[in-house]
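J.: Kindly generate the corresponding structure for this input.
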Amino acid sequence: MFESLTDKLGGVIKKLKGKGRVSAENIGEAVREVKLALLEADVNYRVVKDFVEAVKQKSLGEEVLRSLSPEQHFIKIVSDELTSLMGEDAAPLDLKRTPPVPIMLVGLQGSGKTTTAGKLAGVMKKDRRRPLLVSTDVYRPAAIEQLRVLGDQLKVDVYGHGESTSPVELAVSAVTWAELNGLDTVIIDTAGRLHIDEELMEELVAIKAAVNPQEVLLVADAMTGQDAVNVAASFDESVRLTGVILTKLDGDARGGAAISIRAVTGCPIKFVGVGEKLDELETFHPSRMASRILGMGDVLSLIEKASAVVDEKKARELEKKIRKSQFTLDDFRDQMIKIQQMGPLEDILGMIPGIGGKIRDLGQAGVDEGEIRKNVAIIGSMTKKERENHRMIDGSRRKRIAAGSGTNPQD
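T.: Here you go, the predicted structure:
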């Protein structure tokens, strides 16, 4: 989502690098270009104005002007200000109260609210909590069925509607049912509308009053840009939001909502949806996002992704095998599969400092995930002995392996 902004900010930094020592004039020019880049990224105008002024004041300090590496100081100042703008630190969910803890999701139709409810239940389950999903959207039967399907996939309880048709009654009875059945979190997926109206807000206020949720989270579509910020402000006014979940951050919109929403509404971004799969909901870390926007990678997120799919004991065993030259094609295939489980390869490479921009410059020629799938298929077509000792693979074996994997002997 931030590719265009990253490229533009990268261009500003390159220009500064070529100037050698930096003057007030050079800084002024760089700040103007940063301003244009942020406005083009659909960041709120008032936010841009305050941000640019803060960067300019700090960039004109004596330390920067006398520095031998002014562009590094400039990057740090922009990074610090971006981090501050988006909220400094990650904002975890507040679950410190007697269970069951109600969490209320609100938002417009099409923002991905129901899917996000399922993703959030998945996050809770990983944290060893016992969530219950409930839909209070009595107007759209598909929402209830969708939640039931998500619950089955995640092996998470979904509250049945019974005879109740009132959203408020549903929410209250779901919390009661969770308490009776030993579940500690209730995720309430509320109804949405195509636009904000008085009837919707009255219903949300009534549900909030009835169940007293610990968290009221707005699910907003990041691809709607400044509209997402305006929607957040409207919902906050009526139901007092405790946080925001931005969906579709993997889309190709300009990303201004992620940068603006905290500054405009005061509500922290707690999670971001980075894909359609149920495990693609990430905790929002402002400092890491600022680092990504500036093309500096995101090593901490990379480590977290790797830790989620790599077993430490197996990794140590693999290290011993490599040291003893006992690394087999089976081991290689396992490595390829683990890389696939970490997410799109382009995203993974983009987290490595200095590589993201180069990957984008290569375009279509840069990352071909089909090659990984092809390698996995080829190895899967081999016999156990061939995988353990690749030296025995001769011409006739290559033909057989190629036929079995849908490739050719050259592959």
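J.: got any ranges where the protein has weak pLDDT?
T.: 1-4, 17-23, 62-71, 162-164, 251-255, 295-298, 353-367 (pLDDT under 70).
J.: How much space separates residue 115 from residue 207?
T.: 20 Å (CB to CB, to the nearest Å). Just so you know, the C-beta spots here come from the backbone N, C-alpha and C atoms, and that holds for glycine as well.
J.: who has more neighbours, those two?
T.: residue 207 (26 against 21; other CB atoms under 10 Å).
J.: can you pull the contacts of that one?
T.: Listed by CB atoms under 8 Å, 6 or more residues apart in numbering, the contact set of residue 207 reads 104, 136, 167-168, 171, 188, 190.
J.: So which bits of whichever strand or helix holds residue 207 are buried?
T.: Here residue 207 is covered by helix 198-211, with elements defined by DSSP states H and E. Within helix 198-211, the residues that count as buried by 16 or more other CB atoms under 10 Å are 200-201, 203-204, 207-208, 210-211.
J.: Mind putting those into JSON lines with distance to residue 60?
T.: Output for those, formatted as JSON lines (distance: CB to CB, whole Å):
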{"residue": "200", "distance to residue 60": "48"}
{"residue": "201", "distance to residue 60": "46"}
{"residue": "203", "distance to residue 60": "52"}
{"residue": "204", "distance to residue 60": "47"}
{"residue": "207", "distance to residue 60": "51"}
{"residue": "208", "distance to residue 60": "47"}
{"residue": "210", "distance to residue 60": "54"}
{"residue": "211", "distance to residue 60": "52"}
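J.: on that earlier part again, could you single out the nearest of the contacts of residue 207 to residue 314?
T.: Lowest distance from residue 314 to the contacts of residue 207 (CB to CB) belongs to residue 188, with 39.6 Å.
J.: which residues pair with that closest one across the strands?
T.: When bridges are called by DSSP bridges, residue 188 pairs up with residue 104, residue 134.
J.: Tell me if I'm right that it and residue 178 touch.
T.: No: contact criterion CB atoms under 8 Å: residue 188 and residue 178 do not qualify, at 10.6 Å.
J.: more crowded one of the two?
T.: residue 188 (26 against 23).
J.: Mind jotting down where the helices sit in the stretch 301-411 of the chain?
T.: Listed in chain order, the helices found in the stretch 301-411 of the chain under DSSP state H, counting those that start in this stretch are 312-323, 329-341, 345-350, 356-362, 369-380, 384-388, 395-405.
J.: just checking, what packs against the last one?
T.: Spelled out, it's helix 395-405. Where contact means 3 or more CB pairs under 8 Å, 6 or more residues apart in numbering; DSSP states H and E, helix 395-405 is packed against helix 369-380.
J.: who are the neighbours of the helix it packs on, in terms of helices and strands?
T.: So helix 369-380, by 3+ CB pairs under 8 Å, 6+ apart, packs with helix 329-341, helix 395-405.
J.: Kindly reformat those as CSV containing mean neighbour count and distance to residue 92.
T.: Formatted as CSV, those follow (neighbours: other CB atoms under 10 Å; distance: least, CB to CB, whole Å):
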stretch, mean neighbour count, distance to residue 92
helix 329-341, 15, 25
helix 395-405, 14, 45
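J.: Next, format those helices as CSV and append distance to residue 316.
T.: Formatted as CSV, those follow (distance: least, CB to CB, whole Å):
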stretch, distance to residue 316
helix 329-341, 13
helix 395-405, 31
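J.: Just to be sure, residue 29 is in a strand?
T.: No: per DSSP: H, G, I helix; E, B strand; the rest coil, residue 29 lies outside any strand segment and is helix.
J.: Sounds good, over and out.
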